[in-house]
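Engineer: below are the sequence and a predicted model for it; my questions follow.
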Amino acid sequence: MNDNQFKFSNAVLGLPIFFVLFLWIIYWFQIRFDFDFYQNGIYPREFSGLQGVLFSPFIHENLGHLYNNSIPLLVLLAALQYFYPKQSVPVILYGIIFSGFITWIIGRENYHIGASGLIYVLVSFIFFKGIQTGYYRLVALSLSVILLYGGMIWYVFPDVDATISWEGHLAGFITGFVLTLFYKTPEYKKAIVYDWQKPDFNPENDAFMKHFDENGNFVPVEKSEEETDFVSLYFSSDKLVNYSVTKSESDDKT
């Protein structure tokens, strides 16, 4: 696989825009009709709280909470769809399910809501998968993610901020890494580098290039009697050689 496999499609923009727009529509219903969606979040170790495994990423406390999650989702979902198009949908679906389930197991007895767990899934998956492939473009993507969102790592630890679900962040980070082990990417081929593209290439030492001068004109090269210079024969000959085939009598017989 090479760079030609990275192709822009409508899904690169469509997926993140649709996902984030869906979050905003749900929030609009929440404030417009005064729905109490918080009870549909993850409530750890309660059977009724399992519904939050599916619903919690789409529920947000306030406008600031939703806005802070929307920007990273737009960036990370677009990057995921562009560089990992075949893995994008499974990573999103399984990322939501498994990170939510882990939060249900380890979380504090409170409602856990918001798409930040999915954001940690995406950050973790994109970072670790790029490093695992060793391909320069994906490694550069991994480093870019660290530059943009590297500070998020502190929020997987308890007591950093009592108002956030560090359990959901930790669950998302773990889930993203585990998914990199299950979803394999094609082996990326390094670009072919020809001898004439190398910095130390010297035309005077090349067997073919030495037959031409700096202006591209052919220059015959003298060789020993034991050697046959086919390039010289081709360019220096001013006669055409015609080959004829003589049909034998046996060829006419069937």
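Structural biologist: Okay, I see it. Because the structure is predicted, anything quoted here is derived from the model rather than measured.
Engineer: in stretch 98-110, which residues are buried?
Structural biologist: By neighbour count with 16 or more other C-beta atoms under 10 Å, stretch 98-110 contains the buried residues 98-100, 102-104, 107. Using the backbone N, CA and C atoms, a C-beta is placed for each residue, glycine as well.
Engineer: between those residues, which is nearest residue 176?
Structural biologist: Residue 176 lies nearest to residue 99 out of the buried residues of stretch 98-110, by C-beta to C-beta, at 8.1 Å.
Engineer: now do the contacts for that closest one.
Structural biologist: By C-beta atoms under 8 Å, 6 or more residues apart in numbering, the contact list for residue 99 reads 117-118, 120-121, 168, 171-172, 174-175.
Engineer: just give me the neighbour total for residue 132.
Structural biologist: Using other C-beta atoms under 10 Å, residue 132 has 15 other residues around it.
Engineer: can you tell me the element it falls in?
Structural biologist: helix 116-133 (DSSP states H and E).
Engineer: and that helix, which residues are buried?
Structural biologist: 116-130, 133.
Engineer: now for the helix or strand following it, which elements pack on it?
Structural biologist: Note on helix 116-133: by DSSP H and E, the next helix or strand toward the C-terminus is helix 136-149. Here helix 136-149 touches helix 63-83, helix 116-133, going by 3 or more C-beta pairs under 8 Å, 6 or more residues apart in numbering; DSSP states H and E.
Engineer: CA atoms only for the helix or strand following helix 136-149, dumped as CSV, please.
Structural biologist: Per DSSP H and E, helix 136-149 leads on to helix 166-182 as the next helix or strand towards the C-terminus. Output of helix 166-182 as CSV, limited to C-alpha atoms (Å, rounded to 0.1, in the frame of the first residue of the first chain):
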residue,chain,number,x,y,z
TRP,A,166,-11.8,10.4,34.4
GLU,A,167,-13.1,6.8,34.3
GLY,A,168,-14.7,7.4,30.9
HIS,A,169,-11.5,9.0,29.6
LEU,A,170,-9.3,6.1,30.9
ALA,A,171,-11.8,3.6,29.4
GLY,A,172,-11.6,5.3,26.1
PHE,A,173,-7.9,5.5,26.1
ILE,A,174,-7.6,1.8,26.9
THR,A,175,-10.2,0.8,24.3
GLY,A,176,-8.5,2.8,21.5
PHE,A,177,-5.2,1.0,22.2
VAL,A,178,-6.8,-2.4,22.2
LEU,A,179,-8.6,-1.8,19.0
THR,A,180,-5.2,-1.1,17.3
LEU,A,181,-4.3,-4.7,18.1
PHE,A,182,-7.4,-6.1,16.5
